[in-house]
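Enquirer: What follows is a protein structure lacking sequence information:
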DNA sequence: TTACAATGTCACTGTGTGGTGACATCATAA
DNA sequence: TTATGATGTCACCACACAGTGACATTGTAA
């Protein structure tokens, strides 16, 4: 017996991550979490008021979304690129950042099936992200005569889908989307597409 | 009481479609299907050997994947287009065809979460589809100096994600992905991207 | 008409789940 | 030392689900 509220809370929050990463959200629940944390499930209700509260606590405990800085890298180098190169770099780095966050991918898959506090949190953070992104690049992109929102929605959707699908599928469209090699090809294709699409008029 | 084996079987198969379309796969099960079909669940086991068998029967009963012909439309008109126009037309028509198949979208969402006979069936059909597609267009596309598989994987993934997401989300990246208006923008962007990317070298 | 097989019905088991109230144990402040 | 509140434990409820064996009803063939 531990008798340390904070520590048991942390154990529960950590268990959420374990379950999501190992079994996915379909196995996620009061019983599985409490089993994993070796803690009585009653404490989930006493300390967090139930699963939603525990989810919220978990959501605040991790960085499930990369910052613009993590994506951009060296700002000086970045500035000197063309708009096509910039977009390519952004998308490639975004994909890599998400590949490092399996739990976020799990939640993104969840998002396609049902709504809960966690998926809502994720959606909110993404909205802010998109907002910042548009503020920063709308001028440059609009010079390319493209529908910014629609085009970036398509690119983002493509990456999201392949990342989510790659969790439990080897091959999609003849590409090994669960391996580094497959993603190298995808990054190359992504880059080529950006260079061809994003050209200032 | 009906006393008509074939008819009750059909009722069960139809119920599968109802449940998938109305509630999604998360509510799908022996009890929900039998309730919907107003049939005793024991018959699912007696006639189909269980849920997987019923799923297989359901899978064989509908066309959940469009044919190449449905996508291409008038072959003569199609032939005269440029490679960029062809790809744009294919992708746009593919998206429209899938929007007409909510149950297929439901199964595609399922595919991102778990494997079963139905998702496997879908995957198999798609593989054949991709195969045919490559046979038909690989020469033309390879003239564009693009990685065919990777590029079409990206386009396909984008469309899949937005379709799946659109089932229960209004807005993605500022686009109303659940409405005709949103899809008009997406189609336009898709077309523009194809025209810029797929150009014979 | 009778016997039988096919069809449909029902009650039941076992398991897993979310959720709750009563109880035991411990640390600490009075 | 004792009383109190915080922490952890446990048994239990109600529900939904998958699955099954015994039974009732019907059509039909002999």
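Expert: Structure's in. What do you need? This one's a predicted model, so the numbers in the text were calculated from it and none came from an experiment.

Enquirer: Is any residue of stretch A:115-123 near DNA strand C?
Expert: No - shown here: stretch A:115-123 not in contact with DNA strand C (C-beta under 7 Å from any atom of the strand), separated by at least 11.8 Å. Where you see a C-beta, it was placed from the backbone N, CA and C, and this is true even at glycine.

Enquirer: meant to ask about stretch A:21-30
Expert: Yes - residues of stretch A:21-30 are located near DNA strand C by C-beta under 7 Å from any atom of the strand, namely A:27, A:29, A:30.

Enquirer: From residue A:8, how far out is the first one?
Expert: This means residue A:27. 21 Å (C-beta to C-beta, to the nearest Å).

Enquirer: Could you give the separation of the helix or strand bottoming out on mean pLDDT in chain A from the chain centroid?
Expert: Here the helix or strand of chain A ranked lowest by mean pLDDT, DSSP states H and E is helix A:117-142, holding a mean of 86. Distance of helix A:117-142 from its chain centroid, counting by C-alpha atoms, centre = their mean, to the nearest Å, is 13 Å.

Enquirer: Name the nearest residue to whichever residue of chain A sits closest to DNA strand C, sequence neighbours excluded.
Expert: When scored by C-beta to the nearest atom of the strand, chain A has residue A:29 as its residue closest to DNA strand C, at 2.3 Å. Here the nearest residue to residue A:29 in space, its sequence neighbours aside, is residue A:51; by C-beta to C-beta, 6 or more residues apart in numbering or on different chains that works out to 7.3 Å.

Enquirer: List the residues that contact that neighbour.
Expert: If a contact means C-beta atoms under 8 Å, 6 or more residues apart in numbering or on different chains, then residue A:51 has A:29, A:30, A:33, A:44 as its contacts.

Enquirer: Repeat the analysis, applying 10 Å as the threshold.
Expert: Each residue near residue A:51 by C-beta atoms under 10 Å, 6 or more residues apart in numbering or on different chains is listed here: A:16, A:28, A:29, A:30, A:33, A:41, A:44, A:45, A:116, A:117, A:118.

Enquirer: quick one on the thing from earlier: residue A:27 and residue A:8: who's more crowded?
Expert: More crowded of residue A:27 and residue A:8, by other C-beta atoms under 10 Å in any protein chain shown: residue A:8, with 17 against 13.

Enquirer: Packing partners of the regular element (helix or strand) spanning the more buried one?
Expert: Assigned by DSSP states H and E, residue A:8 belongs to helix A:5-23. Applying 3 or more C-beta pairs under 10 Å, 6 or more residues apart in numbering or on different chains; DSSP states H and E, one finds that helix A:5-23 contacts helix A:30-37, helix A:42-48, helix A:51-61, helix A:102-111.

Enquirer: Export these as TSV, with columns for mean pLDDT.
Expert: Below are these laid out as TSV (pLDDT from 0 to 100):
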stretch	mean pLDDT
helix A:30-37	98
helix A:42-48	98
helix A:51-61	94
helix A:102-111	94
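
Enquirer: how many other residues sit next to the residue of chain A closest to DNA strand C?
Expert: 13.

Enquirer: Phi, psi for it please.
Expert: Here is the backbone geometry of residue A:29 (degrees, to the nearest 10): phi -180, psi 180.

Enquirer: what's it in contact with, if anything?
Expert: Taking C-beta under 10 Å, 6+ apart, we find residue A:29 in contact with A:19, A:35, A:41, A:51.

Enquirer: Residue A:124 too?
Expert: A:59, A:65.

Enquirer: roughly how far apart are it and residue B:136?
Expert: Per C-beta to C-beta, residue A:124 is found 44 Å from residue B:136.

Enquirer: rewinding a little: the residue of chain A closest to DNA strand C and residue A:59, how far apart?
Expert: Counting by C-beta to C-beta - residue A:29 and residue A:59 are separated by 17 Å.

Enquirer: Which phi and psi values does residue A:144 adopt?
Expert: Per-residue torsions, residue A:144: phi -90, psi 0 (degrees, to the nearest 10).

Enquirer: Over to residue A:40?
Expert: Per degrees, to the nearest 10, the backbone of residue A:40 is at phi -70, psi 140.

Enquirer: Alongside DNA strand C, which residues does chain A contribute?
Expert: Counting by C-beta under 7 Å from any atom of the strand, chain A comes close to DNA strand C at A:1, A:3, A:27, A:29, A:30, A:31, A:32, A:41, A:42, A:45, A:50, A:51.

Enquirer: List buried residues within those.
Expert: Among those, the ones that count as buried by 16 or more other C-beta atoms under 10 Å in any protein chain shown are A:32, A:41, A:51.
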